[in-house]
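**Q** Mind looking at a prediction? Sequence and model below.
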Amino acid sequence: MLIKALRTGCMLVTFGYLSACASTSSQAPQTVVLAKPLQVNYQSEVALARLGQMLNSGEYNQEQMAQLYYERGIVFDRVGLRALARFDFNRAIQLKPDFVEAYNFLGVYFTLAEEFDSAFEAFDSAVELAPDYSFAYFYRGIALNYANKPQLAMADVNHYADQAPNDPYRVLWRYLIQLEAGEPEAQNELVEALKTYRNEDWGWQIVRLYAGEIDQQTFLGTTMDVQGDNRALAERLCEAYFYMAKLAQRAGDPQLASSYFKLSLANNVYDFVEHRLALFELNRYESQI
């Protein structure tokens with residue numbers, strides 16, 4: 001099934017080194033799919049240089065400076081320079097205290113650092129300033145879940161999912177947090193959403209995996225239908241291995257989960273939530289050793 005990998009520019013690697021030591025090895029695919037890791041592109045380098053020049057020019061007012069810091073923060077985040085991004089988002093808020101998107105980014109960074117009180121303050125600020133800003137609810141829900149408050153997380157993730165019930169990722173994250181909250185109807189609701197809303201969006205393949213329609217080997221095969229687009233492949237693999245890791249976690253196999261998280265990170269898709277949380281999960285594993 002994975003023999004078509006060459007036309008997508010990806011690599012297939014025997015999976016024995018993972019499955020040999022994994023208690024869920026019978027469920028693990030026999031091969032992994034790899035993309036060429038994404039690299040910092042020319043456009044990002046030029047954007048950083050240009051934004052730096054603009055910030056140093058003295059030609060912009062306070063609100064414009066806040067926007068420039070925010071835009072540079074986004075580029076820093078996209079290329080994995082998160083400490084610099086966090087600094088720029090802080091500067092943006094200092095210059096523009098009602099900067100909703102900057103509060104949201106800071107909340108994400110506080111969550112990744114397990115500074116949950118600060119994360120909640122940032123997300124609360126975003127929600128107070130813009131009650132319809134759905135991403136603040138999503139990330140606050142994730143933060144609440146990792147802070148062992150899944151019941152509170154449910155309110156936020158339900159708000160987020162209800163705004164776009166046909167979005168497979170919103171369906172999936174509601175399901176994941178429902179599991180943490182012990183919701184008995186989680187699986188039934190996932191299957192029902194799949195029946196009702198599924199379309200050609202690749203994200204529904206992840207939902208199919210969680211609903212039990214396809215196995216992991218078949219699921220990995222779906223990542224390669226990208227017509228040779230390495231970026232698209234890397235993005236799909238970042239997502240695929242993260243959600244496979246979450247399945248391994250639920251199965252009580254931290255070794256396999258850790259391996260999948262590392263494979264998710266290997267694609268260098270720094271600005272995806274799956275990349276952020278894969279690193280967060282690995283750091284948690286390491287702190288428990």
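**A** Yep, that arrived.
**Q** What ranges does the stretch 101-250 of the chain have for its helices?
**A** 116-129, 134-146, 150-162, 168-181, 186-197, 203-211, 216-222, 230-250 (DSSP state H, counting those that start in this stretch).
**Q** so which of those helices is the most packed in?
**A** helix 134-146 (a mean of 24; mean count of other CB atoms under 10 Å). Heads up, the C-betas are built off the backbone N, CA and C, glycines and all.
**Q** quick one: contacts of that one?
**A** 100, 103-104, 107-108, 110-111, 114, 116, 119-120, 123-124, 126-127, 130, 150, 152-157, 159-160, 163-164, 170, 173, 177, 180, 273, 277, 280 (CB atoms under 8 Å, 6 or more residues apart in numbering).
**Q** swap in stretch 179-190?
**A** Stretch 179-190 has contacts (CB under 8 Å, 6+ apart) with 145, 150-151, 153-154, 171-172, 174-175, 178, 207, 210-211, 250.
**Q** Could I get these in CSV, plus columns for distance to residue 96 and pLDDT?
**A** CSV is the format used below for those (distance: CB to CB, whole Å; pLDDT from 0 to 100):
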residue, distance to residue 96, pLDDT
145, 30, 98
150, 34, 96
151, 34, 95
153, 29, 98
154, 32, 98
171, 34, 98
172, 34, 98
174, 32, 98
175, 36, 98
178, 37, 97
207, 38, 98
210, 40, 98
211, 44, 98
250, 42, 95
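**Q** Residue 36: what secondary structure?
**A** Here residue 36 is coil, with the state taken from DSSP: H, G, I helix; E, B strand; the rest coil.
**Q** per-residue pLDDT, it?
**A** Note for residue 36: predicted pLDDT of 95.
**Q** what's it sitting at in phi/psi?
**A** phi -70, psi 120 (degrees, to the nearest 10).
**Q** correct me, but it touches residue 230?
**A** Yes - with contact defined as CB atoms under 8 Å, residue 36 reaches residue 230; the gap is 5.2 Å.
**Q** low-confidence ranges in the stretch 151-289 of the chain?
**A** For the stretch 151-289 of the chain, the stretches with pLDDT under 70 are 289.
**Q** Quick one: low-confidence residue ranges for the stretch 1-150 of the chain.
**A** Checking the stretch 1-150 of the chain against pLDDT under 70 turns up 1-28, 30.
**Q** now do 90
**A** 1-32 (pLDDT under 90).
**Q** ok, which stretches of it are strands?
**A** 11-14, 31-34 (DSSP state E, counting those that start in this stretch).
**Q** In JSON lines, list the helices of the stretch 101-250 of the chain along with distance to residue 82.
**A** Rendered in JSON lines, the data for the helices of the stretch 101-250 of the chain read as follows (distance: least, CB to CB, whole Å):
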{"stretch": "helix 116-129", "distance to residue 82": "14"}
{"stretch": "helix 134-146", "distance to residue 82": "15"}
{"stretch": "helix 150-162", "distance to residue 82": "23"}
{"stretch": "helix 168-181", "distance to residue 82": "22"}
{"stretch": "helix 186-197", "distance to residue 82": "32"}
{"stretch": "helix 203-211", "distance to residue 82": "25"}
{"stretch": "helix 216-222", "distance to residue 82": "29"}
{"stretch": "helix 230-250", "distance to residue 82": "16"}
